[in-house]
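1. 3D model of this:
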Amino acid sequence: MEYTPRVADAQLADALRTAGAVLVEGPKACGKTETAKRVAATVTYLDTDSQARAAIDIDPELVLQGPSPHLLDEWQEYPQLWNHVRRAVDAAGEPGQFVLTGSSVPTDDVRRHSGAGRFARLRMRPLSLYEAGHSTGGVSLAALLHGEPARSPAADLPVPRLAELAVAGGWPARQGARVQEAAAYVREYVAFTCEVDVPRIGGPRRDPARVRRLMMSLARNVATEAPIATLSADTAGKDAAIDRETVADYLDVLGNLLLVEDQPPWAPHLRSSSVLRKSAKRHFTDPSIALAALGAGPERLLADLNYFGFVFESLVVRDLRVLSGPLHGEVLHYRDSSGLEVDAIVVLPDGTWGAFEVKLGAGHVESAAASLRKFAATVDQRKSGPPAVLGVITPGGYGYRREDGVDVVPLAALGP
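-> You can find the predicted model right below:
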């Protein structure tokens, strides 16, 4: 397959210029290995190379030999390599020695041994619409966060096509495939997760049927702040509901597999007396996982536009995470005790922030803009700073700045 350029390409190149080793993490099949191979002079596949696996048992440093950068793919299969890589980086004293790719977090968290000054970390996700060629990139997220207005010609992304893209997901191996084929691929992905990956990472006592029920519950509650108690109650079927402790345990395992990625709340300084809510929103790393868990295709999404709205929000959060990566941005959300909410807030390390409402229908732009203005007025901007952008993200259409200063941003035009 021809390589699809990624936003992470430049991030990886930059990291290799400054750090001795780069840890690239992301869910299985999101494209980590192909991205890392493009910068590697040596590649070792630790999940399939039997000679390398045998060498690790004898002398782990044997597998670190070779021209740099040296890619150690699926390194977490042998977490003891972490300290050997750390020592090799110290001995070389130069950047760009190793790239470690992993599709799960080691259960014993070997990274507790300091990698400071040695390792840079890069999170990869499935393709954004921009990377997959479904966005023109005419509206730059970086430019918006520098205060520049949105301005782009009409970008066409009809809601039926958006439904197909949500179902197919951003998996590189299935780009260009028919929607039915891509959906079947993600359903198998979910099945393999439940039956193989979770028991392998979390231990054999994790029941695949229960994991699937939890994934279905997460799917029904995607882009919401559903607490563990709600997820537990929602798993009730022919059998009793999964107890809260087990739900929390399974969520940890899915998190270690990098398949769920919660969206934390933002805590600005407020002028109002409203109490901030501190619950995270639930998301899969790609909304196609939620739809596969439920067995939902494009037709079902179009028949339930309320649920489609949550799926669209989750898709936008995925893309904002990818596109804000070069800026080291974090994608948060906001909700307070008065009921005021903001779907996505992108915060940069220097404190720059922008707030976005996500609307599936263009008819909701006016109310979303009013809500954003109300939210901005509650923030104590002397302490939190003014918003760089207030924006309403819609599927398609024109990109422009309204007279009230709120930007209308078509996802079909949003780029890095």
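2. surely S135 meets V409?
-> No - if you go by C-beta atoms under 8 Å, S135 and V409 don't touch, sitting 10.7 Å apart. C-beta: built from backbone N, CA, C; applies to glycine.
3. the more surrounded of these two?
-> V409 (26 against 22; other C-beta atoms under 10 Å).
4. contacts only, for that one.
-> V139, L144, A150, F356, G391, V392, I393, T394, G399 (C-beta atoms under 8 Å, 6 or more residues apart in numbering).
5. so the last one: helix, strand or coil?
-> Each residue gets one of three states, and G399 gets strand by DSSP: H, G, I helix; E, B strand; the rest coil.
6. tell me, how many residues neighbour it?
-> G399 has 25 nearby residues by other C-beta under 10 Å.
7. go on, the fourth one?
-> For F356, the count of nearby residues is 27 (other C-beta under 10 Å).
8. how far away is it from V331?
-> Counting by C-beta to C-beta, to the nearest Å, the gap from F356 to V331 is 9 Å.
9. so what's in contact with the two at the same time?
-> Overlap of the contact sets of F356 and V331 (by C-beta under 8 Å, 6+ apart) consists of L320, A344, I345, V346.
10. which one of those is nearest V275?
-> I345 (17.6 Å; C-beta to C-beta).
11. quick one: strands adjacent to the helix or strand containing that closest one?
-> Secondary structure assignment for I345, by DSSP states H and E: strand 341-347. Strand 341-347 has the following sheet partners, assigned by DSSP bridges: strand 330-335 (antiparallel), strand 353-358 (antiparallel).
12. what's the most buried one of those?
-> Mean neighbour count (mean count of other C-beta atoms under 10 Å) peaks for strand 353-358 among these, with a mean of 25.
13. so for that strand, mean pLDDT?
-> What strand 353-358 shows for mean pLDDT is 98.
14. ok, now stretch 398-413?
-> Computed over stretch 398-413, the mean pLDDT rounds to 98.
15. could you do stretch 63-74 as well?
-> Mean predicted lDDT for stretch 63-74 stands at 96.
16. residues of it that come out buried?
-> Buried residues in stretch 63-74, counted by 16 or more other C-beta atoms under 10 Å: V63, L64, S68, P69, H70, L71, L72, D73, E74.
17. okay, domains of this structure per the record?
-> Following automatic domain parsing, the chain resolves into domains at 8-123, 139-415.
18. list the contacts of T352.
-> If you count contacts by C-beta under 8 Å, 6+ apart, then T352 has L145, G385, A388 around it.
19. just the strands in this structure please.
-> Using DSSP state E, the strands found in the chain span residues 21-25, 42-45, 70-73, 98-102, 119-123, 139-140, 152-155, 330-335, 341-347, 353-358, 389-394, 397-401, 407-410, 414-415.
20. quick check: longest helix of the chain.
-> helix 305-323 (DSSP state H).
21. for that helix, buried residues please.
-> Neighbour-count burial for helix 305-323, counted by 16+ other C-beta under 10 Å, picks out 307-323.
22. show me which of the shared contacts of F356 and V331 is closest to G363.
-> The closest of the shared contacts of F356 and V331 to G363 turns out to be A344 (C-beta to C-beta; 20.0 Å).
23. does the closest one touch Y334 like I think?
-> No - under the criterion of C-beta under 8 Å, A344 is not in contact with Y334, lying 9.0 Å apart.
24. where do the contact lists of those two overlap?
-> Each of A355 lies in contact with both A344 and Y334 under the rule C-beta under 8 Å, 6+ apart.
25. any idea how far F308 is from the nearest residue to Q180 once chain neighbours are set aside?
-> Distances taken as C-beta to C-beta, 6 or more residues apart in numbering place G297 nearest to Q180, at 8.0 Å, with adjacent residues excluded. According to C-beta to C-beta, G297 and F308 sit 12 Å apart.
26. any shared contact partners between the two?
-> Common contact partners of G297 and F308 (C-beta under 8 Å, 6+ apart): none.
27. so how far is the least confident helix or strand in the chain by mean pLDDT off the chain centroid?
-> The helix or strand of the chain with the poorest confidence is helix 198-202; it has a mean of 87 (mean pLDDT, DSSP states H and E). Centre-to-centre, helix 198-202 and its host chain are 21 Å apart (C-alpha atoms, centre = their mean, to the nearest Å).
28. mind listing what's buried along it?
-> Neighbour-count burial for helix 198-202 flags V198, P199, I201, G202 (criterion: 16+ other C-beta under 10 Å).
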